[in-house]
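In: My questions concern the predicted model and sequence given below.
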Amino acid sequence: MKIALVCSAGMSTSMLVKNMRQAAEQKGIEAEIDAYAEGELNQHMEELEVILIGPQVRYLKQRISGKADSYNIPVDVIDNMAYGTMNGDKVLQQALNLTS
(Lines give C-alpha, C1' and ligand atoms only; values in the text may rest on other atoms or scores of the structure.)
Protein backbone atom coordinates (compact mmCIF):
# COMPACT_ATOMS: atom_id res chain seq x y z
CA MET A 1 0.00 0.00 0.00
CA LYS A 2 1.30 3.45 -0.95
CA ILE A 3 0.03 6.31 1.21
CA ALA A 4 0.75 10.01 0.71
CA LEU A 5 0.39 12.64 3.41
CA VAL A 6 0.11 16.16 2.06
CA CYS A 7 0.84 19.43 3.78
CA SER A 8 1.91 22.80 2.47
CA ALA A 9 5.64 22.05 2.44
CA GLY A 10 5.79 18.34 3.26
CA MET A 11 7.52 19.09 6.56
CA SER A 12 4.91 19.06 9.33
CA THR A 13 3.79 15.55 8.47
CA SER A 14 7.26 13.95 8.67
CA MET A 15 6.90 12.91 12.32
CA LEU A 16 3.46 11.49 11.60
CA VAL A 17 4.91 9.49 8.68
CA LYS A 18 7.45 7.97 11.06
CA ASN A 19 4.74 7.04 13.55
CA MET A 20 2.55 5.55 10.81
CA ARG A 21 5.45 3.46 9.53
CA GLN A 22 6.02 2.12 13.04
CA ALA A 23 2.32 1.31 13.42
CA ALA A 24 2.27 -0.51 10.07
CA GLU A 25 5.35 -2.52 11.01
CA GLN A 26 3.81 -3.50 14.36
CA LYS A 27 0.65 -4.68 12.58
CA GLY A 28 2.59 -6.53 9.89
CA ILE A 29 1.19 -4.27 7.16
CA GLU A 30 3.37 -3.54 4.14
CA ALA A 31 2.97 0.16 3.55
CA GLU A 32 5.04 2.82 1.88
CA ILE A 33 4.16 6.11 3.54
CA ASP A 34 5.63 9.43 2.46
CA ALA A 35 4.95 13.13 2.97
CA TYR A 36 4.72 15.50 0.04
CA ALA A 37 4.13 19.16 -0.50
CA GLU A 38 1.00 19.70 -2.57
CA GLY A 39 3.12 20.81 -5.54
CA GLU A 40 4.99 17.47 -5.59
CA LEU A 41 1.88 15.30 -5.57
CA ASN A 42 1.36 15.22 -9.35
CA GLN A 43 4.68 13.40 -9.78
CA HIS A 44 3.44 10.51 -7.63
CA MET A 45 -0.24 10.09 -8.58
CA GLU A 46 0.20 6.93 -10.64
CA GLU A 47 1.71 5.02 -7.72
CA LEU A 48 -0.54 6.18 -4.86
CA GLU A 49 -3.40 4.26 -3.27
CA VAL A 50 -4.50 6.81 -0.63
CA ILE A 51 -3.97 10.53 -0.10
CA LEU A 52 -4.42 12.08 3.34
CA ILE A 53 -4.29 15.85 3.74
CA GLY A 54 -3.05 17.65 6.85
CA PRO A 55 -5.88 19.46 8.64
CA GLN A 56 -4.04 22.78 8.35
CA VAL A 57 -4.38 22.59 4.55
CA ARG A 58 -7.88 21.11 4.38
CA TYR A 59 -8.73 23.84 1.87
CA LEU A 60 -6.68 21.83 -0.69
CA LYS A 61 -9.03 18.83 -0.52
CA GLN A 62 -11.25 19.81 -3.44
CA ARG A 63 -8.29 20.57 -5.73
CA ILE A 64 -6.44 17.36 -4.78
CA SER A 65 -9.61 15.28 -5.06
CA GLY A 66 -10.15 16.64 -8.56
CA LYS A 67 -6.74 15.35 -9.63
CA ALA A 68 -7.01 12.09 -7.67
CA ASP A 69 -10.44 11.17 -9.08
CA SER A 70 -8.98 10.37 -12.48
CA TYR A 71 -6.66 7.85 -10.77
CA ASN A 72 -9.42 6.48 -8.48
CA ILE A 73 -7.43 7.48 -5.39
CA PRO A 74 -9.45 8.18 -2.24
CA VAL A 75 -8.66 11.50 -0.54
CA ASP A 76 -9.49 12.59 2.99
CA VAL A 77 -8.42 15.13 5.59
CA ILE A 78 -6.46 13.62 8.48
CA ASP A 79 -8.46 13.46 11.69
CA ASN A 80 -7.67 16.63 13.65
CA MET A 81 -7.13 14.93 17.02
CA ALA A 82 -5.01 12.14 15.52
CA TYR A 83 -2.90 14.72 13.70
CA GLY A 84 -2.46 16.89 16.78
CA THR A 85 -1.29 13.92 18.86
CA MET A 86 0.74 12.43 15.97
CA ASN A 87 -1.21 9.18 16.44
CA GLY A 88 0.29 7.09 13.63
CA ASP A 89 -1.89 4.09 14.42
CA LYS A 90 -5.13 6.05 14.11
CA VAL A 91 -4.08 7.79 10.89
CA LEU A 92 -2.91 4.48 9.40
CA GLN A 93 -6.33 3.03 10.23
CA GLN A 94 -7.99 6.02 8.54
CA ALA A 95 -5.98 5.28 5.37
CA LEU A 96 -6.83 1.57 5.52
CA ASN A 97 -10.53 2.36 5.93
CA LEU A 98 -10.46 4.42 2.74
CA THR A 99 -9.24 1.45 0.71
CA SER A 100 -11.65 -1.16 2.04
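Out: Yep, that arrived. Numbers count the residues shown, from 1 in each chain.
In: only C-alpha atoms for contact and neighbour calcs from this point on.
Out: OK.
In: ok, which stretches of the chain are helices?
Out: Secondary structure of the chain (DSSP state H): helices located at 14-27, 61-69, 80-84, 88-99.
In: For Gly54, find the nearest of the ones you listed.
Out: Evaluated with C-alpha to C-alpha, the helices of the chain place helix 80-84 nearest to Gly54, the distance being 7.5 Å.
In: what is the rounded mean pLDDT of the closest one?
Out: In this model, helix 80-84 carries a mean pLDDT of 95.
In: With stretch 67-77 instead?
Out: 96.
In: Do me a favour and get the end-to-end distance for it?
Out: Using C-alpha to C-alpha, to the nearest Å, the end-to-end distance of stretch 67-77 comes to 15 Å.
In: List the buried residues for that stretch?
Out: Using 16 or more other C-alpha atoms under 10 Å as the test for burial, stretch 67-77 gives 68, 73-77.
In: Please enumerate residues in contact with that stretch?
Out: 45-46, 48-55, 58, 61, 64-65, 98-99 (C-alpha atoms under 8 Å, 6 or more residues apart in numbering).
In: list the contacts for Leu98?
Out: Listed by C-alpha under 8 Å, 6+ apart, the contact partners of Leu98 are 50, 74.
In: can you pull the pLDDT of it?
Out: Note on Leu98: pLDDT of 96.
In: Same question for Ile53.
Out: pLDDT, Ile53: 96.
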